[in-house]
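Colleague: Provided below for reference: sequence and predicted model.
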Amino acid sequence: MSSRNIVRNVHDSDTKEFVRALESLSRTRHRWDAFRDWTEMAACTFYNNLFHDPKIEVEYLACANRYNSDELRTMGEMLGMVISALSAGPRDFMGEVFSGSLLMNEHHGQFFTPYTLSLMIAKMAITEDNLPRGKIITISEPSCGAGGMVIAAAEVMAELGINYAADVYFEARDLDPICVHMAYIQMTALGIAGEVICGNTLTLETSWKWPTAAYMLNLVGPRLAAQRQRETEEGAAPQKPIKIGPQIGLFEEVSA
């Protein structure tokens, strides 16, 4: 499909701007390769603003060295587009880009749940009745994709008056590193506290785990550990995470 037709396939102006920038990187390389490199570099940028990990810097430079200065400037502008789009309100911007630019056809036919459906599922899963007040709430997404369900759950939390940047712990997991990078970019940009894990939900194997900025800055990890220690000392049943996602029934049946 031509670049013009791909841009026509998306309707939101923010998404069109991003897809046009992506297409400009695809003149001398495959579009999928450019998108993969951009997601890794953007995620590494957010991560290393917190941790300054030399290994992550090496990964970043390995991608960056494939591009000239003008292309790298475009990639920086693309990250700015994501931040700008998400600052206007919660949405699965990366999922929209992935689906709207037909990248899903180039990556195993992968499909992401539309955000309106994710929001409906989140509102059914998260209610006043199942939220433990006065505690850090845990949310589990076993197949997070670009993070749309996590973003929807955070929006529901905000509607219920709960600070998802400090009083909720989101665990987002996916087997696909590109999905993990997209989810990490969006969760970090939106100030969602949690950890994004590249690993297999069924076997619980983990390749790597990245905490978001909000998780670190608001000390969610130590506070959650202290909460669980108190529950153990008091003999209270540990809080079970609220599971979200349209595939939950599958994972619960397998793990039963």
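Modeller: Alright, I've got the coordinates. Residues are numbered from 1 along each chain as shown.
Colleague: which non-adjacent residue is nearest Tyr60?
Modeller: Cys44 (4.2 Å; CB to CB, 6 or more residues apart in numbering). Quick note: C-beta positions are derived from backbone N, CA and C, even for glycine.
Colleague: what do you get for Pro142?
Modeller: The spatially closest residue to Pro142, leaving aside those adjacent along the chain, is Thr201, at 4.0 Å (CB to CB, 6+ apart).
Colleague: show me the contacts for Met182.
Modeller: Each residue near Met182 by CB atoms under 8 Å, 6 or more residues apart in numbering is listed here: Thr39, Ala43, Met94, Gly95, Phe98, Gly145, Ala146, Gly147.
Colleague: For the helix or strand hosting Ser207, what is the distance to the chain centroid?
Modeller: Using DSSP states H and E, Ser207 falls within strand 206-211. Its chain's C-alpha centre and that of strand 206-211 lie 13 Å apart, by CA atoms, centre = their mean, to the nearest Å.
Colleague: try stretch 211-227
Modeller: 17 Å.
Colleague: Need the distance between the two termini of it.
Modeller: End-to-end distance of stretch 211-227: 19 Å, with CA to CA, to the nearest Å as the criterion.
Colleague: Quick check: buried residues in that stretch?
Modeller: Neighbour-count burial for stretch 211-227, counted by 16 or more other CB atoms under 10 Å, picks out Pro211, Thr212, Ala213, Ala214, Tyr215, Asn218, Val220, Gly221, Leu224, Gln227.
Colleague: again with stretch 15-27
Modeller: Thr15, Lys16, Glu17, Phe18, Val19, Arg20, Ala21, Leu22, Glu23, Leu25.
Colleague: For the last one, give me the pLDDT.
Modeller: What it means is Leu25. The score at Leu25 is 92. That number is its pLDDT.
Colleague: what does the second one give?
Modeller: Among the per-residue scores, Lys16 holds a pLDDT of 90.
Colleague: mind checking which helix or strand it is in?
Modeller: Per DSSP H and E: helix 13-24 holds Lys16.
Colleague: State whether Trp210 and Asn49 are indeed in contact, as I suppose.
Modeller: No: using CB atoms under 8 Å, Trp210 makes no contact with Asn49, being 11.9 Å away.
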